[in-house]
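# Fold the following for me, if possible:
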Amino acid sequence: MRSEPVRPRGGLLAVHAHPDDETLATGALLATWAASGEPVTLVTCTRGEQGEVIGTELAHLEGDGPALAAHREGELAEALSSLGVSDHVFLDQVEPDEGIEDVGSRAPVAFRDSGMAWAAPGIARAAAEADLPDGALVGVPLDEAAHRLARVLRERRPRVVVTYEPSGGYGHPDHVRAHEITVRAIALARGDERRPVPDGVAPVGAPVPQGDAGDQGPELWQSVVPTAVARAARRGLAHLPGVRALLAEHPDLTLPDPQEALPPVAKDDLEEVVVVEVAPVLDAVVGALRAHATQVQHVGTVPVAARSRAAPLAAPDGVLGWYALSNDVLAALPSREFYTVPPESAGPPRRFTGNDQTGPVAWTQ
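Model prediction:
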């Protein structure tokens, strides 16, 4: 696997499904890019109305979609402040791109969290169709959502667009849909294909129409992690200073099984990746994680004096801390984030450019 360190240049635009995903999946990248002084934009597709709620203090919000949505909007604003990101939009608040009259409506809409069910530890699947809320993101016609994102792309003109890998990181249907929307929007924004997708809707996981190879557009980065790194991080959690004490104090918490099936974000066959070091922006990421208090708990970090052992520079599987979601399973706060550009999901075959962003981005005027 060939890797190179991230070198921010030009704008970065991240597309995520729910509040907290921007931090959990790409927090260090957003904070690093923002700290460089380059533009950073976050587009959030829903407000996480179907999310579980951690703890008793805010338990009344669970099941109350509008109340939870409003609360999570506040958590997101606090998290973005910690990450240094000031440009944020919800996808349903964007006016559709021009030429969309035949796909969807210009009337106000609300894209809502589609919910999910657990298929295996750490791996999600779509909820039953009968359980989908009105306005569920997975039921929104692909072009209706993608034209809105295309408008943001045309206005911001980022050099890099980042989202999940095709399976949504861990299989959540909204994450999968966010990937599909992103790929389609890039094609629309660069003028590859103005006609709607047949029937107006692409099922979750269906191939997304690709654009013309002659117009490169922005680089599409996807959040991934090498399988060996993921397993090593899980093994390392048990040995971190503070974890044993945390487990003794909170017996409901458990450690992840390093040998169990990993979610789709873990990849065996990565050839080229861009690497983001987390340590320089650790405080920003930790602050953002703690801001999402309805979704993230027990955020902790390895003491500075012990970090050389927990995350040596030569070891990409180093761990800087930990946190848990509502499943009460500790997760590693890694020392590095990884991003790749698989040709099959980034449009027609083209040379991976990584940080080579010195030339102009080809945008349709």
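# Look up how far Ala178 lies from Gln222.
In this view, Gln222 and Ala178 are 11 Å apart by C-beta to C-beta, to the nearest Å. In short, each C-beta sits where N, CA and C put it, glycine included.
# Ala332: what secondary structure?
Three-state assignment for Ala332 (DSSP: H, G, I helix; E, B strand; the rest coil): strand.
# Just list whatever residues bridge to it.
Trp322 (DSSP bridges).
# show me where the stretch 151-300 of the chain has strands.
160-164, 219-226, 266-267, 272-277, 297-301 (DSSP state E, counting those that start in this stretch).
# Likewise for the stretch 1-150 of the chain?
2-5, 12-16, 40-44, 87-90, 117-120, 123-125.
# Lowest average pLDDT across the ones you listed?
When those are compared by mean pLDDT, strand 117-120 comes last with a mean of 84.
# That one pairs with which strands, and in what direction?
Sheet partners by DSSP bridges: for strand 117-120, these are strand 123-125 (antiparallel).
# in the partner strand, what's buried?
For strand 123-125, burial by neighbour count (16 or more other C-beta atoms under 10 Å) applies to 123-124.
# rewinding a little: between Gln222 and Ala178, which contacts overlap?
Residues touching both Gln222 and Ala178 comprise 163-164, with contact defined as C-beta atoms under 8 Å, 6 or more residues apart in numbering.
# more neighbours, the two?
Ala178 (28 against 25; other C-beta atoms under 10 Å).
# can you pull the contacts of that one?
Ala178 neighbours (C-beta under 8 Å, 6+ apart): 15-17, 45, 137, 163-164, 168.
# and the nearest residue to Glu38 once chain neighbours are set aside, how many neighbours does it have?
Closest residue to Glu38 apart from its sequence neighbours, by C-beta to C-beta, 6 or more residues apart in numbering: Pro8 at 4.7 Å. By other C-beta under 10 Å, the residues close to Pro8 number 21.
# Val89 now?
Residues near Val89, counting by other C-beta under 10 Å: 17.
# possible to save the strands of the stretch 151-300 of the chain as CSV with mean pLDDT and distance to Ala126?
Formatted as CSV, those follow (pLDDT from 0 to 100; distance: least, C-beta to C-beta, whole Å):
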stretch, mean pLDDT, distance to Ala126
strand 160-164, 97, 15
strand 219-226, 96, 20
strand 266-267, 96, 20
strand 272-277, 96, 29
strand 297-301, 97, 26
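# Quickly compare those strands and say which is most buried.
For the strands of the stretch 151-300 of the chain, the largest average neighbour count (mean count of other C-beta atoms under 10 Å) is found in strand 160-164, namely a mean of 28.
# List every C-alpha atom in that one, with coordinates, as CSV.
Extracted as CSV, the C-alpha positions of strand 160-164 are listed here (Å, rounded to 0.1, in the frame of the first residue of the first chain):
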residue,chain,number,x,y,z
VAL,A,160,-11.8,17.5,-3.0
VAL,A,161,-15.1,15.9,-2.1
VAL,A,162,-15.1,13.3,0.6
THR,A,163,-17.7,10.8,1.7
TYR,A,164,-18.1,7.1,2.6
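# Just name whatever secondary elements that strand is in contact with.
Judged by 3 or more C-beta pairs under 8 Å, 6 or more residues apart in numbering; DSSP states H and E, the packing partners of strand 160-164 are strand 12-16, helix 21-35, helix 173-189, strand 219-226.
# Please name the bridge partners of Ser301.
Quick fix: residue 301 is Thr, not Ser. Going by DSSP bridges, Thr301 forms beta bridges with Gly321.
# ok, it to Glu75 distance?
In terms of C-beta to C-beta, Thr301 sits 20 Å off from Glu75.
# ok, now Gly168?
Distance from Gly168 to Glu75, by C-beta to C-beta: 21 Å.
# quick one, which of the two is more surrounded?
Gly168 (27 against 21).
# Can you name the residues that contact the nearest residue to the more buried one once chain neighbours are set aside?
Nearest non-adjacent residue to Gly168, counting by C-beta to C-beta, 6+ apart: His175, 2.8 Å away. By C-beta under 8 Å, 6+ apart, His175 lies in contact with 17, 21, 164, 167-169.
# Now do the buried residues in stretch 167-178.
In stretch 167-178, counting by 16+ other C-beta under 10 Å, buried: 167-178.
# Just the terminal-to-terminal distance for that stretch.
10 Å (C-alpha to C-alpha, to the nearest Å).
# Please apply the same query to stretch 109-124.
26 Å.
# what about it, distance to the chain center?
Chain-centre distance of stretch 109-124: 14 Å, with C-alpha atoms, centre = their mean, to the nearest Å.
# now do stretch 109-129
Put simply, stretch 109-129 sits 15 Å off its chain's centre (C-alpha atoms, centre = their mean).
# Equivalent analysis for stretch 8-28, please.
That offset, for stretch 8-28, works out to 6 Å (C-alpha atoms, centre = their mean).
# Helices along the stretch 1-150 of the chain, start to end?
21-35, 65-83, 142-156 (DSSP state H, counting those that start in this stretch).
# Could you tell me which residues within stretch 326-335 count as buried?
330-335.
# for those residues, which one is nearest Ala233?
Ala332 (3.9 Å; C-beta to C-beta).
# separation between that closest one and Leu24?
Taking C-beta to C-beta, one finds Ala332 at 12 Å from Leu24.
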